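>>> Here is a sequence together with a model predicted from it:
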Amino acid sequence: MPPDRADDVEPNPSSNHVTAQFRVELPSGTDCALLESGTGGEDITQDIVWLDDDEMCRVEVTTDDGSRQLLGDEVDDGCVCPTFRHHDCVTSIEAFDDDALIVSVATADREELSEIVTSLRDLGAAVRLERIGHSNADPERRLLELEADDVTEKQFEAVRMAVEAGYYERPRRADLGDLADELGVSRSAVSQRLAAVESKLVTELFVAESGEVK
């Protein structure tokens, strides 16, 4: 029988939710049948099943060589997939390449998204945001998606800290000095990391509004 989920929550229906795509590198030493199946793949269907009280991962995938494979392995301590089940979210493994999973996540709010990232990092996984967007049922509402392929781990961490600390609120609840203390770096380093992400965001906004190609 599967273990009780102490953090089970009631569904939180939302037509205005957050969607994100992450690149997740598993902790060193983790056995993952999917990553071991080749150098890359897509069109993935994955589930966690219980067989004789053992938690097993089952995956169907089309690998880079064009073959369709059904894979399976016992879930070990470094497996990231069970982590998502402890959160109020919908996830899908979109693809994999080399040593990373490309995972899409939909959840009701950014707070839950941040908690998911924290849980994955607590497990020892390296998590990098590749895209984030806001969905709304109103077709008249504009949608902006930030392509974050060039956002580094340090830049994302600085932005996450800034948002959580209230740096972008008016009036601000934190300044660069507060963020620098939390991150253990100089004020200049924090400023440069935030500025890099802000520049990308402004560029994406301009492209979305003008229709021009970068």
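Okay, I see it.

>>> And for F84, the neighbour number?
19 (other C-beta atoms under 10 Å). Where C-beta positions appear, they are placed from N, C-alpha and C, glycine not excepted.

>>> Quick check: beta-bridge partners of the closest residue to it other than its chain neighbours?
Distances taken as C-beta to C-beta, 6 or more residues apart in numbering place T91 nearest to F84, at 4.5 Å, with adjacent residues excluded. For T91, the beta-bridge partners under DSSP bridges are V105.

>>> Dump the C-alpha coordinates for whichever strand or helix holds T19 into CSV.
Per DSSP states H and E, T19 falls inside strand 18-25. Taking C-alpha atoms only, strand 18-25 is exported to CSV below (Å, rounded to 0.1, in the frame of the first residue of the first chain):
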residue,chain,number,x,y,z
VAL,A,18,0.9,29.5,-13.2
THR,A,19,2.6,27.2,-15.7
ALA,A,20,6.4,26.6,-15.8
GLN,A,21,9.0,24.4,-17.4
PHE,A,22,12.0,23.3,-15.5
ARG,A,23,15.2,21.5,-16.4
VAL,A,24,15.9,19.1,-13.5
GLU,A,25,19.2,17.3,-13.0
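
>>> What helix or strand is E94 located in?
Counting by DSSP H and E, E94 is part of strand 89-97.

>>> other SSEs contacting that strand?
strand 40-51, strand 100-107, helix 110-123 (3 or more C-beta pairs under 8 Å, 6 or more residues apart in numbering; DSSP states H and E).

>>> Tell me the bridge partners for E74.
On the basis of DSSP bridges, E74 is bridged to M56.

>>> any idea how far F96 is from it?
To F96, E74 is 19 Å away according to C-beta to C-beta, to the nearest Å.

>>> Would you mind telling me which of these two has the busier surroundings?
F96 (26 against 12).

>>> Hmm, the more buried one is touching E36, no?
No: look at F96 against E36 with C-beta atoms under 8 Å: they stay out of range, at 10.2 Å.

>>> Let's see the longest helix along the chain as CSV, backbone CA atoms only.
Longest among the helix segments of the chain by residue count, using DSSP state H, is helix 187-210. Taking C-alpha atoms only, helix 187-210 is exported to CSV below (Å, rounded to 0.1, in the frame of the first residue of the first chain):
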residue,chain,number,x,y,z
ARG,A,187,25.3,44.3,-3.4
SER,A,188,26.9,44.7,-6.8
ALA,A,189,26.6,41.0,-7.5
VAL,A,190,22.9,40.9,-6.6
SER,A,191,22.2,44.1,-8.6
GLN,A,192,23.9,42.5,-11.7
ARG,A,193,21.9,39.3,-11.4
LEU,A,194,18.6,41.0,-11.0
ALA,A,195,19.4,43.4,-13.9
ALA,A,196,20.2,40.6,-16.2
VAL,A,197,16.8,38.9,-15.6
GLU,A,198,15.0,42.3,-15.8
SER,A,199,16.6,43.0,-19.1
LYS,A,200,15.4,39.6,-20.5
LEU,A,201,11.9,40.3,-19.2
VAL,A,202,11.7,43.7,-20.7
THR,A,203,12.9,42.3,-24.1
GLU,A,204,10.3,39.6,-24.0
LEU,A,205,7.6,42.2,-23.2
PHE,A,206,8.7,44.4,-26.1
VAL,A,207,8.7,41.4,-28.5
ALA,A,208,5.2,40.3,-27.3
GLU,A,209,3.8,43.8,-27.7
SER,A,210,5.4,44.8,-30.9
